[in-house]
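Student: The following comprises the amino acid sequence and a computationally predicted model.
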Amino acid sequence: MKKTTSEKLSKRLLKYGAFSAAILGTANASGQIVYTDIADETVDALSTRYAIDLNNDATGDYLFGANGTNFAFIFPAASSMASAYNSNLMVGFNSGAYNYPSNLTAGTVIDGTSPTFAGARGDFNYGSCNYSNSQFCDGMDGYVGFRFFIGADTHYGWARIEVAASGATIIVKDYAYNTTPDEAIEAGQTSLSVDEFSSNTFTHSYNKNTDQLILESSSIPLDNIDLFNILGQRVITKSLSENNEIIDMSGLTDGVYLAKIAIKGKVQTIKILKQ
């Protein structure tokens with residue numbers, strides 16, 4: 001397999017990294033988990049790598065890639081060049097000459113006891129899992145776990161991805177990390193308390209035909225929403241009281257917005273592309 005040394009950060013990451021950091025801050029209402037929901041990013045060619053910035057400091061922590069044919073993988077990369085491996089680790093294992101990120105199920109604890117590898121490419125799937133140790137073979141959602149560094153501090157996080165059964169493409173869906181150094185996180189854990197909200201499902205969608213943001217909470221009423229534009233300005237603030245709410249965005253210009261949704265005192269941040 002051919003290695004490449006020419007890769008780039010997602011344009012969206014570069015454009016909105018500082019904006020996201022300004023709105024998200026360093027922690028959510030629970031004081032621990034920073035969760036980032038993104039529009040699903042599909043990587044299907046060597047020229048369309050996608051970097052995630054777990055702690056929103058405008059520097060990519062991990063770089064996802066696929067060749068559009070039969071190979072999906074990840075680099076621990078601190079810059080736009082995959083050759084600039086850093087010391088960030090991934091939950092997984094080494095077998096022979098290759099490293100394999102583990103396919104974690106929701107609720108798996110990611111901490112200092114998790115087996116990891118560092119400073120190398122991790123292979124999700126090659127040639128319809130031609131490598132028998134490949135973990136992402138079924139074309140379904142899975143979680144990859146991270147152990148990474150902010151300065152001298154160790155932090156844990158996760159990303160939810162979908163790798164095509166053929167290995168041709170990868171979709172990056174969302175990610176999170178624990179802001180408290182050396183403290184564990186569960187795969188899939190967000191700014192909502194896992195225990196308290198285990199039975200609640202929160203979803204959102206944007207209808208570009210009506211310019212409406214649709215919010216739905218299965219069992220817990222929504223509290224309020226604060227919507228910020230790319231300059232970090234609050235453009236909408238509204239108290240909510242129902243499980244299902246509709247936010248009119250017709251008076252706003254097209255672009256990317258961040259919405260902070262409060263549900264029973266917990267806050268979840270989502271990204272909306274208005275177009």
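Tutor: That came through fine. Numbers count the residues shown, from 1 in each chain.
Student: Can I get stretch 232-245 in PDB? Just the C-alpha atoms.
Tutor: Output of stretch 232-245 as PDB, limited to C-alpha atoms (Å, rounded to 0.1, in the frame of the first residue of the first chain):
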ATOM      1  CA  GLY A 232     -19.600  34.400  18.200                       C
ATOM      2  CA  GLN A 233     -22.600  36.800  18.400                       C
ATOM      3  CA  ARG A 234     -25.800  35.500  20.000                       C
ATOM      4  CA  VAL A 235     -28.400  35.900  17.300                       C
ATOM      5  CA  ILE A 236     -31.300  33.900  18.900                       C
ATOM      6  CA  THR A 237     -32.100  33.200  22.500                       C
ATOM      7  CA  LYS A 238     -35.300  31.500  23.400                       C
ATOM      8  CA  SER A 239     -36.900  29.700  26.400                       C
ATOM      9  CA  LEU A 240     -38.400  26.300  25.500                       C
ATOM     10  CA  SER A 241     -40.800  24.100  27.300                       C
ATOM     11  CA  GLU A 242     -41.900  21.300  25.000                       C
ATOM     12  CA  ASN A 243     -40.400  18.100  23.800                       C
ATOM     13  CA  ASN A 244     -40.700  19.200  20.200                       C
ATOM     14  CA  GLU A 245     -39.700  22.800  19.300                       C
END
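Student: starting at the chain centroid, how far to it?
Tutor: Centroid separation between stretch 232-245 and its chain, computed with CA atoms, centre = their mean, to the nearest Å, is 23 Å.
Student: who's Ser95 bridged to?
Tutor: For Ser95, the beta-bridge partners are Tyr98 (DSSP bridges).
Student: pretty sure it is touching Asp123, no?
Tutor: No: Ser95 sits out of contact with Asp123 when judged by CB atoms under 8 Å, with a separation of 10.0 Å. No exception for glycine: its C-beta is placed from N, CA and C like everyone else's.
Student: Give the residue from these two that has the larger number of neighbours.
Tutor: Asp123 (24 against 12; other CB atoms under 10 Å).
Student: ok, which stretches of the stretch 151-275 of the chain are strands?
Tutor: 153-163, 170-178, 185-186, 202-207, 212-217, 224-228, 234-239, 244-248, 255-263, 266-274 (DSSP state E, counting those that start in this stretch).
Student: Turn those strands into CSV, including distance to Asn88.
Tutor: Output for those, formatted as CSV (distance: least, CB to CB, whole Å):
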stretch, distance to Asn88
strand 153-163, 10
strand 170-178, 11
strand 185-186, 15
strand 202-207, 29
strand 212-217, 34
strand 224-228, 29
strand 234-239, 34
strand 244-248, 37
strand 255-263, 25
strand 266-274, 23
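Student: where's the closest residue to Val109 other than its chain neighbours relative to Val144, distance?
Tutor: Spatial nearest neighbour of Val109, chain neighbours left out: Ala184 (5.3 Å); criterion: CB to CB, 6 or more residues apart in numbering. To Val144, Ala184 is 16 Å away according to CB to CB, to the nearest Å.
Student: again, but for Ser102
Tutor: Taking CB to CB, one finds Ser102 at 7 Å from Val144.
Student: out of these two, which sits in the busier spot?
Tutor: Val144 (28 against 22).
Student: what's stretch 207-223 in contact with?
Tutor: 197, 199-206, 225, 227, 239-250, 252, 259, 261-265, 272, 274-275 (CB atoms under 8 Å, 6 or more residues apart in numbering).
Student: I meant stretch 268-275, not that one.
Tutor: 20, 23-24, 28, 35-39, 190-192, 202, 204, 206, 208, 211, 213, 227, 249, 252-261.
Student: Give me the buried positions along it.
Tutor: Buried positions in stretch 268-275, judged by neighbour count with 16 or more other CB atoms under 10 Å: Gln268, Thr269, Ile270, Lys271, Ile272, Lys274.
Student: which one of those residues is nearest Ala45?
Tutor: Ala45 lies nearest to Lys271 out of the buried residues of stretch 268-275, by CB to CB, at 23.4 Å.
Student: Could you list everything the closest one pairs with in the sheet?
Tutor: Counting by DSSP bridges, Lys271 forms beta bridges with Leu258.
Student: low pLDDT regions in the stretch 101-250 of the chain?
Tutor: Residue ranges of the stretch 101-250 of the chain with pLDDT under 70: 191-200.
Student: how distant is stretch 87-94 from the center of its chain?
Tutor: Distance, stretch centre to chain centre, for stretch 87-94: 17 Å (CA atoms, centre = their mean).
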